[in-house]
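Trainee: Take this sequence and fold it.
(4 chains)
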There are 2 protein chains.
Amino acid sequence: MANIQVLIVEDEPLIAEDICEHLSNVDYSVLAIAYNKSQALKVLEQQIPDMILLDINLGGNLDGIEIAHLINQKYQVPFIFLTSYAHKSILDQAKVTWPMGYIVKPFSEKDLFSSIEIALYNFSQNARPHNLNLERINQVLLSPLTEKEFQALQDIYQGLTNKQMAEKQFVTVNTIKTHLKNLYDKLEVGSRSEAMAKLRNLIT
Amino acid sequence: MANIQVLIVEDEPLIAEDICEHLSNVDYSVLAIAYNKSQALKVLEQQIPDMILLDINLGGNLDGIEIAHLINQKYQVPFIFLTSYAHKSILDQAKVTWPMGYIVKPFSEKDLFSSIEIALYNFSQNARPHNLNLERINQVLLSPLTEKEFQALQDIYQGLTNKQMAEKQFVTVNTIKTHLKNLYDKLEVGSRSEAMAKLRNLIT
DNA sequence: TGTAAAATCACCCATTTGGGTGAAGGAACT
DNA sequence: AGTTCCTTCACCCAAATGGGTGATTTTACA
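Mentor: Model (predicted):
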């Protein structure tokens, strides 16, 4: 997990300290502890963490949810709510911020660790539509894609040119072209744009 | 929340019963309880639940993870792991199955409820069809797109070639090329694939 | 009615992409 | 040892795309 920087946003110092300790036990680094909204934003302006643990209730109001919205707008960092609230009204406000997890207090070190690991993995694989999945795509195709073909598919999906793909994979453009030819055959398309459009339909 | 059908896969009857009770308390329907892998698959063949709670350890092995892979391949139903395991090796196997959550035993009703709510919401959002909207796109751009440029954008988004676009709009390919040139300028991209990728990011 | 923006189209040129063929090396499996 | 599949790469050619300039007509609207 190589030094994941976590920001803790929690208004109760004792709990923050507790979280901090748990994180150290499982080898995460604590970038900072913010005790309120303004402190949290200040930290974010200076350095972007890899993950944010976010208490919803900060000093009596739902600042945590506001912070979540801001994170989505400006920073796109995965975050997990860590709170004692689990009422439907709060949850409804919380879920529309796309949290990667929601841990209810009191929680154990295991809870923390597993939620963070899952969250980081899901987020890293695909920030938004966590859907580009070889298994799932192959299931729809007559002939399954190889790993290189799948990699090529992901790259064109990102809008890369053949040259960029070649540099990224440390192979020649000819190799990329070969993979693309095979890919197009399997997807039954005739151009990268068609492939992108088809992929969109496959994964939604 | 309108009658969400949940499948419980758990080998210990007492725990399964406990989960069942918790779910009833928060107004979910239990579609079935499966005590092992084969039972789980049998249920899935007959009826697709809206959500699956999945114990990893079923009768001494990691069948839960295998089930997760199968769900991804065949059914695409959101699932949450519900287990006492939280060791890194297990987690690493579990996370690659894209669980929508991971709850460590023992857990509370609040844990269950919030995790399921978040999972269902995130899952439904990921599957949402995003439709293109001129005004929405123009808000993000320095210079707004004209209608023809927007039409062209929609067409390349569908994977059409310039020739197909020309035929569809009853104009020559040269005209299409002109629109595309202007479009690329405004989107600040250099190719149709880049435009498609950029559009994806704009509309999410 | 004048003018600015948008739409239409043409021509040219360079680059990119798609398609076909072939071939060498490696891994995996029998 | 033989076979199959994957990966890598080359060469060639045709088609599509991207970029530039410029011109005419339509539309919008002040």
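Trainee: The one helix or strand A:N174 maps to and chain B in contact?
Mentor: Per DSSP states H and E, A:N174 falls inside helix A:173-187. No - if you take CB under 8 Å from any CB of the partner chain as the test, helix A:173-187 misses chain B, and the best it gets is 10.8 Å. In this view, the C-beta of every residue, glycine as well, is placed from N, C-alpha and C.
Trainee: Any idea how many residues pack against A:Q46?
Mentor: A:Q46 has 9 neighbouring residues, counting by other CB atoms under 10 Å in any protein chain shown.
Trainee: so how far is A:E17 from it?
Mentor: 22 Å (CB to CB, to the nearest Å).
Trainee: So, low pLDDT: which residues of chain A?
Mentor: Along chain A, segments meeting pLDDT under 70 span A:1-2, A:73, A:125-133, A:135-136, A:139, A:203-204.
Trainee: can you give me the helices for it?
Mentor: Along chain A, the stretches classed as helices by DSSP state H are A:13-25, A:37-46, A:63-70, A:88-95, A:109-125, A:134-140, A:147-157, A:162-169, A:173-187, A:192-203.
Trainee: For the longest one, give me every contacting residue.
Mentor: Taking contacts as CB atoms under 8 Å, 6 or more residues apart in numbering or on different chains, the residues outside helix A:109-125 that touch it are A:1, A:4, A:6, A:19, A:22-23, A:25-26, A:28, A:50-51, A:78, A:80, A:100-101, A:103, A:130, A:132, B:86, B:88, B:91, B:94-96, B:98-99, B:101-104.
Trainee: can you give me the angle it makes with helix A:13-25?
Mentor: Orientation check (axes from the mean of the first three to the mean of the last three CA atoms, to 10 degrees): helix A:109-125 against helix A:13-25 gives 70 degrees.
Trainee: try the last one
Mentor: Interaxial angle of helix A:192-203 relative to helix A:13-25 (the same axes, to 10 degrees): 120 degrees.
Trainee: The spatially most central residue of chain A and DNA strand D: what is the separation?
Mentor: Most central in chain A under CA atoms, centre = their mean is A:F123, positioned 1.7 Å from the mean C-alpha point. From A:F123 over to DNA strand D the distance is 26 Å, taken as CB to the nearest atom of the strand, to the nearest Å.
Trainee: How about A:D11, nearest residue that isn't a chain neighbour?
Mentor: Nearest in space to A:D11, with sequence neighbours left out and distances taken as CB to CB, 6 or more residues apart in numbering or on different chains, is A:L58 at 4.6 Å.
Trainee: Quick one: residues contacting that neighbour.
Mentor: A:L58 sits next to A:V9, A:E10, A:D11, A:Y35, A:N36, A:K37, A:G64 when contact means CB under 8 Å, 6+ apart.
Trainee: Could you check how far the last one is from A:E109?
Mentor: I take that to be A:G64. Remark: distance between A:G64 and A:E109 (CB to CB) = 22 Å.
Trainee: And those two? Which one has more around it.
Mentor: Set A:G64 next to A:E109 and count neighbours by other CB under 10 Å: A:G64 wins out with 28 against 16.
Trainee: Please tell me I have it right and that one contacts A:V9.
Mentor: Yes - when contacts are counted by CB atoms under 8 Å, A:G64 is listed as touching A:V9 (6.7 Å).
Trainee: Pull up the overlap in contacts between these two.
Mentor: A:L54, A:D55, A:L58.
Trainee: Which residues of chain A lie near DNA strand C?
Mentor: Within chain A, the positions adjacent to DNA strand C are A:T161, A:N162, A:K163, A:K177, A:T178, A:L180, A:K181, A:Y184, A:G190, A:S191, A:R192, A:S193 by CB under 7 Å from any atom of the strand.
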